[in-house]
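Novice: for reference, the sequence and a predicted model appear below.
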Amino acid sequence: MILKERQVPEIILKLQAILERLPIQHEKIILLKNDLSKFQAGFNGEKSIDFYLQPLLTQDFLILHDIRIPINNQFFQIDTLILTKKYILILEIKNLAGTINFDGEFNQAVQTKNGKQKAFPDPLYQLNRQETMLRKWLDSNQLPILPIHGLVVMSNVNAVIRANHEHFSQKVIRPTSLSKKIKELEDYYIQATEVQEKQLKKITKRLLRMHTPLKQSILDSYGIAKEEIIMGVCCERCHKYALKRRHGRWKCNGCSWVSKDAHKSAMNDYCLLFGEKITSKELQAFLKIDSPSLATRLFRDLKVQREGDKKSTIYTLEYPQ
């Protein structure tokens with residue numbers, strides 16, 4: 001059973017939003033596109049593993065995707081967490097192409113692709129840290145400490161995997177070997193004592209409650225000023241920020257395209273780029289409207305939460321999913 005679905009990472013949504021609202025000649029465009037491609041590849045790799053998890057959906061497995069948990073003023077993040085009554089399995093998913101050499105001597109993975117080499121931190125070190133942090137988290141929350149295992153799943157089935165130490169072959173697997181590894185764990189713990197179902201539910205409920213998504217300003221991360229962002233409402237047909245509000249509709253000055261709710265996409269962009277808190281004046285400036293009553297009406301129609309009164313009112317937008 002999937003208790004937390006895999007969702008598009010917020011960083012991907014933020015990169016897509018900022019790329020749409022920067023001038024095409026902006027000096028950071030190439031960097032932003034490269035990073036977007038990298039994050040999308042990672043997310044696609046994670047999604048591809050879901051196919052191999054399907055046999056678990058009808059059995060006694062509880063699955064949580066993309067969780068980020070605080071402990072002792074730091075966080076640990078897990079791509080996929082599988083909980084059973086006898087053990088816990090962590091999956092660290094890597095989507096790397098080319099030839100991947102795992103080097104135990106220098107604790108690194110070296111990717112060779114198109115004649116170029118690139119080094120990455122040893123994913124087993126990251127996996128060991130996740131196992132240790134999860135064990136500490138269970139202990140600090142006075143929850144049953146089940147045996148914890150971890151696997152690095154190389155999602156790119158065309159990658160060539162090599163290693164200079166046998167322990168990599170036990171921990172680093174291809175997606176097609178996932179069912180086999182889980183069967184081995186099931187067989188190993190067949191005689192093990194089970195935790196009660198209510199205890200397992202207590203663990204998952206606590207994990208879901210403590211999950212803390214990473215919130216970072218995309219502008220601060222890339223050193224981009226707010227003034228560099230293109231304001232306005234975008235036309236879906238000609239992709240120009242030339243929509244004007246007339247008689248309850250948005251009409252494009254360029255191609256005459258008409259929309260009733262084009263502002264919703266623009267407000268999503270604002271949330272991703274500047275954060276969920278917004279005032280009426282900020283909305284007017286971003287949408288390029290000069291009517292405070294229209295801004296209030298747009299907030300009301302979207303049932304946006306508000307706090308404060310009159311000019312001091314602050315609205316809270318919802319992050320798009």
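Specialist: Received it, and whenever you're ready, just let me know what you need. Numbering: from 1, shown residues only.
Novice: and residue 65, how many neighbours?
Specialist: A total of 21 residues lie near residue 65 under the criterion other Cβ atoms under 10 Å. For the C-beta atoms, the positions are set from N, CA and C on the backbone; glycine is no exception.
Novice: low-confidence regions, this structure specifically.
Specialist: In the predicted model of the chain, residues 321 satisfy pLDDT under 70.
Novice: correct me, but residue 222 touches residue 33?
Specialist: No - contact between residue 222 and residue 33 fails when scored by Cβ atoms under 8 Å: they sit 11.9 Å apart.
Novice: the more surrounded of these two?
Specialist: Using other Cβ under 10 Å as the criterion, residue 222 and residue 33 rank with residue 222 on top: 15 against 12.
Novice: quick check: closest non-adjacent residue to that one.
Specialist: Leaving aside its sequence neighbours, residue 222 sits nearest to residue 28 (Cβ to Cβ, 6 or more residues apart in numbering; 5.6 Å).
Novice: the one you found touches residue 22, doesn't it?
Specialist: Yes - judged on Cβ under 8 Å, residue 28 makes contact with residue 22 at a distance of 7.1 Å.
Novice: between these two, which contacts overlap?
Specialist: Here residue 28 and residue 22 have residue 224 as joint contacts, going by Cβ atoms under 8 Å, 6 or more residues apart in numbering.
Novice: and the residue of the chain positioned farthest from its centre, how far from residue 260?
Specialist: The C-alpha centroid of the chain is most remote from residue 247, which lies 38.9 Å away (Cα atoms, centre = their mean). For residue 247, the distance to residue 260 (Cβ to Cβ, to the nearest Å) stands at 11 Å.
Novice: ok, residue 28 and residue 22, which is more surrounded?
Specialist: Comparing residue 28 with residue 22 by other Cβ under 10 Å, the one with more neighbours is residue 22, at 18 against 15.
Novice: now the strands for the stretch 201-321 of the chain?
Specialist: Taking DSSP state E, counting those that start in this stretch as the test, the strands found in the stretch 201-321 of the chain are 243-246, 249-252, 258-259, 277-278, 305-307, 314-316.
Novice: do you know which of those lies nearest residue 153?
Specialist: Among these, the nearest to residue 153 by Cβ to Cβ is strand 314-316 (37.4 Å).
Novice: the closest one packs against which elements?
Specialist: The contact analysis (3 or more Cβ pairs under 8 Å, 6 or more residues apart in numbering; DSSP states H and E) places strand 314-316 against strand 277-278, strand 305-307.
Novice: quick check: which of the ones you listed is buried the most?
Specialist: Mean neighbour count (mean count of other Cβ atoms under 10 Å) peaks for strand 277-278 among the helices and strands packed on strand 314-316, with a mean of 16.
Novice: for it, give me every contacting residue.
Specialist: With contacts defined as Cβ under 8 Å, 6+ apart, strand 277-278 is touched by 270, 271, 286, 314, 315, 316, 317.
Novice: go again with 10 Å.
Specialist: 267, 270, 271, 286, 295, 299, 304, 307, 314, 315, 316, 317 (Cβ atoms under 10 Å, 6 or more residues apart in numbering).
Novice: show me just the buried residues among these.
Specialist: Among those, those classed as buried by 16 or more other Cβ atoms under 10 Å are 267, 270, 271, 286, 295, 299, 304, 315, 317.
Novice: do you know how far the fourth one is from residue 140?
Specialist: For residue 286, the distance to residue 140 equals 43 Å [Cβ to Cβ].
Novice: run a quick neighbour tally on the residue nearest to residue 217 when sequence neighbours are not counted.
Specialist: Sequence neighbours aside, residue 275 is the residue nearest to residue 217 in space, at 7.2 Å (criterion: Cβ to Cβ, 6+ apart). Here the count is done by other Cβ under 10 Å, and residue 275 has 15 residues near it.
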